[in-house]
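J.: What follows is a predicted structure for the sequence shown.
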Amino acid sequence: MPLLFSTYKSPVGNLNLISDHELLLAANLSSQKSLKESLSAEYAEREIKSVARLPIISELLDDYFDGDILAINSIKVSQPGASFSQAAWKAMRKVSPGKVMSYADLAKRSGSPDAVRAAGSACAKNAIVLVVPCHRIVKTGGALGNYAYGLSKKEWLLHHEGAL
């Protein structure tokens with residue numbers, strides 16, 4: 001069966017999505033090309049079919065942007081990455097909407113308290129933007145830090161969720 005590709009029009013820009021039905025494999029705010037490049041080898045060779053909306057995932061995104069900020073927690077995800085990155089992405093998903101976590105706390109919750117730079121790298125390598133909420137990770141002291149798609153989008157998402 002083919003993977004599904006869709007572009008979701010969101011308040012922060014066009015969110016490109018690839019899923020294996022209800023399993024979200026990639027999401028970005030940049031390009032379909034980089035989205036495909038982020039797929040694991042397991043999925044990279046599969047045919048990709050463009051659709052208007054992804055089953056269940058598009059509905060949950062609608063709910064999130066309509067104000068149900070917990071809705072994206074129900075989206076199932078899978079992305080390739082080393083064990084520390086996997087632990088960091090799992091920890092990011094546990095940060096409640098409306099809250100933020102420092103890179104240092106992310107490193108600690110990912111099992112390596114001294115791996116603050118690796119925590120930042122896991123955020124940068126995150127191939128499932130928004131749903132794996134790297135936008136909720138900030139610098140110690142509360143400064144926003146970086147965001148691959150621009151700080152204005154990170155600010156918008158944090159405002160939307162009530163963290164700012």
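T.: Received the coordinates, thanks.
J.: how near is residue 144 to residue 93?
T.: 20 Å (C-beta to C-beta, to the nearest Å). Bear in mind the C-beta positions are built from the backbone N, C-alpha and C, glycine included.
J.: ok, the closest residue to residue 23 other than its chain neighbours - how many residues close by?
T.: Spatial nearest neighbour of residue 23, chain neighbours left out: residue 76 (5.0 Å); criterion: C-beta to C-beta, 6 or more residues apart in numbering. Residue 76 is flanked by 13 other residues according to other C-beta atoms under 10 Å.
J.: same question, residue 100
T.: Neighbours of residue 100 (other C-beta under 10 Å): 20.
J.: follow-up on the earlier one: give the full set of residues in contact with the residue nearest to residue 23.
T.: By C-beta atoms under 8 Å, 6 or more residues apart in numbering, the residues touching residue 76 are 22-24.
J.: can you map out the strands along the protein?
T.: For the chain, the strands defined by DSSP state E occupy 3-10, 13-20, 23-28, 48-50, 76-77, 101-102, 137-138.
J.: With distance to residue 149 as added columns, please give those strands in JSON lines.
T.: As requested, those are exported to JSON lines (distance: least, C-beta to C-beta, whole Å):
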{"stretch": "strand 3-10", "distance to residue 149": "11"}
{"stretch": "strand 13-20", "distance to residue 149": "7"}
{"stretch": "strand 23-28", "distance to residue 149": "8"}
{"stretch": "strand 48-50", "distance to residue 149": "22"}
{"stretch": "strand 76-77", "distance to residue 149": "18"}
{"stretch": "strand 101-102", "distance to residue 149": "19"}
{"stretch": "strand 137-138", "distance to residue 149": "14"}
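J.: List just the one of those that sits closest to residue 40.
T.: Smallest distance to residue 40 across the strands of the chain (C-beta to C-beta): 7.7 Å, for strand 23-28.
J.: and the most centrally placed residue in the chain, what is it in contact with?
T.: For the chain, the residue nearest the mean C-alpha position is residue 129 (2.5 Å; C-alpha atoms, centre = their mean). Contacts for residue 129 were tallied using C-beta under 8 Å, 6+ apart; they are 15, 27-29, 135, 148-149.
J.: Since that was my last question, I'll sign off now.
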